[in-house]
Each structure stands twice: as structure tokens, then as C-alpha cells.
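Asks: pasting the structure only:
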């Protein structure tokens, strides 16, 4: 009789993990080595050079595969390095269909790096999956999805788009950074590739930069492992250890992120100075029902715009915050505030930014796990 599958709260702690074979260490040791002894040429214990594989990275990759319900995990030096590996699956002339309000770094990589090599990128609104088919043609090889999107918090129906991708024999990749596998598992909804900036919620402590890919298909995994090794954008053993440690508390942290996020969204909705709140947990969110069906909860990311606010007003607002830290990134235990137009999305031309709703007055919050009363009091004084 096989072992009973672990539930998520147990998988983050035990999934894909075994005590160290040398001394039985419960946590994967940090194998801070570049190379490995061989008894004869080619005869080794599974590791020969740490760009190709490292035991600490292997432990992280096994954990990543387990928590996303995949078969193969790959860890990279950053989220962008992971995206870079996915785009390297393509050839000049291939087309990528991407959501039109994605992370600025992804947009920059697509437009300023890979377009130079003949790969074509189309950016379209994906909130209505029924409108996507008309953008697919014989050259389309990949659909790139974020959900929730950054920073508009738009929700995209992963299952509907996966059916479309299979119909046209197109790969579907989902950036699951905002949701994490605690809230949604895109492979279960039909995606081929899941990507994470593990810098964010998976690491969870703002102390490491790592990216991840998870897949189920063996041949696709082999192609990605080849790119990972050949291009060499791997994360080191210390970084692997830090993310592996972070994953073990993902479930308890995400519970608090979601609780605090919900409370702050409701506070902002009722505040007289707020014009619009972008948060998928609100019932008037355009795709709230899809979020409800494919997510366990709604996360800790919120964007908002104040009434009559300008670029300068938004800057002044985030500068007045005291508990929220004004900083790039997201997903750490501490609450962060950012101004997308001048920070995370500055690499997107203003006209393109504003087409998707990323206006100069927008503020984005990464709600941490502090006491909710302190966070609300901080927002009150900054808005007041």
C-alpha cells in the first residue's frame, strides 16, 4: 500500500525532502562547493559540477516540484532568469501572447532583449478568455499569463486559457508569484509551466533573490534543464537553503498575509479619499468569481488610487508611510509600499502603462504579517 499523499501544510515542510544521507541532518546542508571528487573519470556520486547540479539546490527543486504538484523543479538566480530560460525554448519568428499588464521586468526582457532576436510579443487583455483565440496564429508558441496581475490585480481564468492552448498546441506558462501554490496550483488547472520569483513569498523574508520553474512533462523538463545548465543562471547553495527554509513557513505566513490583505482592502474601500481599490477578494472585482473558483484565498497584494491624485501626490503618500516600507519587491513578512509608475513598471512606456490602467497616481501595497491595527493606523495617518 502506497503512502497517503500529504496535505499542503505538511508538504511545505516535508515534501520532496529526506534527511541528509551523510549524517541525517533534518535540514538540507549548504553544500558550498563548486566541484565533487570522482573515483575514476565519470564515476561520481551523482554530482560533478555545481552549475549542473548541487545537493542543496536539488533539495529546493524537489520541494518546488512537490508544492506545485509538479514532477520537475528548476531553481534559477532570479525570477527573470527563469523567464529567460522559458523564452529560450523558442526560435526566431515564434510569437508569444502575453497579458497586457504584466510585471515591468518581464516586459523589458521581452521587448528589449528577445525582440532583437526575432521573437514576436503581443500584449492583450486576458480577463475575458473568450477574446484570446483571435490573437492566436500558426506562429504562436507560448501564452504567458500572470494572475493576479502586477499591479492591476486582474484575474485570468487559467483553466479556460489552458483549454485554448491545448486546442492550438501552444505552451501555457503561468507566473504564480503573487498567488503562490498555497492559493492556486496552475499545473492542476492545465498550465504547462509555472514560474515564480521565489525572491517573494516563497523565500518570504526579503533576504534572497531566486527564480523557479515547475513542470510535469518529462521532455519539456529535459529541454529546460539543458538551458539551465548551458546558460548557467543558477542560484547558489546558500540562496537555495534560504528559500527552502522560507517554504517551510509558507502556509502560516500566507494565512496572515491574506487576513491582513482582506482587512486593509475593506478599510481602503470605505475611506473617503480612495477612488478605486484593486483586490480580487472584493465582490465587485470584475473577475471575482473566477478568483473564487481557482484560488483558495485572495493574497496580500493590493493596489489603489486616491481621489484627484497626481504623480506627485502618490509619491508624497508613500513617503509619509512609517510602518509600510517604501521599497521595491513584495512578499516578505514586512509590509512594503511602492509606486509602480516610477518603480516596478518604470521600464514600460507611459502610454502603454496607462492603456492597461497603471496610472501615475497608483500605489501598490504588499501587506505583511504585522499587527493589522498598526498597518491600518499607518495608512490612516498617511492618507489623513
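Replies: Sure thing, it's come through. Being a predicted model, the structure only gives us computed values, none of them experimental. Numbers count the residues shown, from 1 in each chain.
Asks: just the helices in the chain please.
Replies: 8-14, 55-67, 79-87, 104-108, 158-167, 180-183, 218-231, 237-247, 250-270, 288-294, 311-320, 350-355, 372-383 (DSSP state H).
Asks: Low-confidence bits of the chain, can you list those?
Replies: Within the chain, the stretches with pLDDT under 70 are 1-2.
Asks: Who are the contact partners of the residue nearest the centre of it?
Replies: Residue closest to the average C-alpha location in the chain (CA atoms, centre = their mean): residue 177, at 1.6 Å. For residue 177, the contact set (CB atoms under 8 Å, 6 or more residues apart in numbering) comprises 79, 146, 150, 195-197, 200-201, 331. Glycine gets a C-beta too; all of them are placed from N, C-alpha and C.
Asks: ok, it to residue 308 distance?
Replies: 32 Å (CB to CB, to the nearest Å).
Asks: Quick check: bridge partners of the residue lying closest to the residue nearest to the centre of the chain once chain neighbours are set aside?
Replies: Excluding the flanking residues, the one nearest residue 177 by CB to CB, 6 or more residues apart in numbering is residue 197, at 4.7 Å. Judged by DSSP bridges, the bridge partners of residue 197 are residue 211.
Asks: was I right about residue 197 contacting residue 211?
Replies: Yes - under the criterion of CB atoms under 8 Å, residue 197 makes contact with residue 211 at 5.9 Å.
Asks: Name the residues contacting each of those two.
Replies: Common neighbours of residue 197 and residue 211 (CB under 8 Å, 6+ apart) are 78-80, 82.
Asks: Looking at these, which is nearest residue 69?
Replies: residue 82 (18.1 Å; CB to CB).
Asks: check contacts around the closest one.
Replies: Taking CB under 8 Å, 6+ apart as the test, what residue 82 contacts is 74, 76, 195-197, 211-213.
Asks: Residue 197 and residue 211: who's more crowded?
Replies: residue 197 (30 against 27; other CB atoms under 10 Å).
Asks: And the more buried one, how far from residue 207?
Replies: In terms of CB to CB, residue 197 sits 14 Å off from residue 207.
Asks: same deal with residue 165?
Replies: Taking CB to CB, one finds residue 165 at 36 Å from residue 207.
Asks: Residue 81 too?
Replies: 18 Å.
Asks: For those two, indicate the residue with more neighbours.
Replies: Neighbour count, other CB under 10 Å: between residue 81 and residue 207, residue 81 has more, with 23 against 13.
Asks: and the residue lying closest to the more buried one once chain neighbours are set aside, what does it touch?
Replies: Spatial nearest neighbour of residue 81, chain neighbours left out: residue 233 (3.7 Å); criterion: CB to CB, 6+ apart. Taking CB under 8 Å, 6+ apart, we find residue 233 in contact with 76-78, 81, 84-85.
Asks: now, among those, which is nearest to residue 170?
Replies: Taking CB to CB as the measure, residue 170 lies nearest residue 85 of the contacts of residue 233, at 18.0 Å.
Asks: right, and the closest one touches residue 74 too?
Replies: Yes - with contacts counted by CB under 8 Å, residue 85 reaches residue 74, the gap being 7.4 Å.
Asks: Residues that sit against both of these two, list them.
Replies: 213, 224, 228.
Asks: what's the distance between the closest residue to the last one other than its chain neighbours and residue 230?
Replies: In space, residue 228 comes closest to residue 74 once its chain neighbours are excluded; the distance is 5.4 Å by CB to CB, 6+ apart. Between residue 74 and residue 230 the distance is 13 Å, computed by CB to CB.
Asks: neighbour-wise, which of the two wins?
Replies: A count of neighbours by other CB under 10 Å puts residue 74 above the other of residue 74 and residue 230, at 25 against 11.
Asks: Let me know whether residue 278 touches residue 149 as I believe.
Replies: No - with contact defined as CB under 8 Å, residue 278 does not reach residue 149; the gap is 9.4 Å.
Asks: okay, those two: which has more neighbours?
Replies: Legend: neighbour count by other CB under 10 Å for residue 278 and residue 149, higher for residue 149 (28 against 22).
Asks: so what's the more buried one up against?
Replies: Here residue 149 is in contact with 99, 101-102, 156, 178 (CB under 8 Å, 6+ apart).
Asks: Verify the stated contact: residue 157 with residue 132.
Replies: No - with contacts counted by CB under 8 Å, residue 157 stays clear of residue 132, the gap being 9.9 Å.
Asks: Domain map for the protein?
Replies: Annotated domains of the chain cover 9-247, 251-383 [automatic domain parsing].
Asks: and residue 312, how many neighbours does it have?
Replies: 10.
Asks: And it, how far from residue 143?
Replies: 38 Å.
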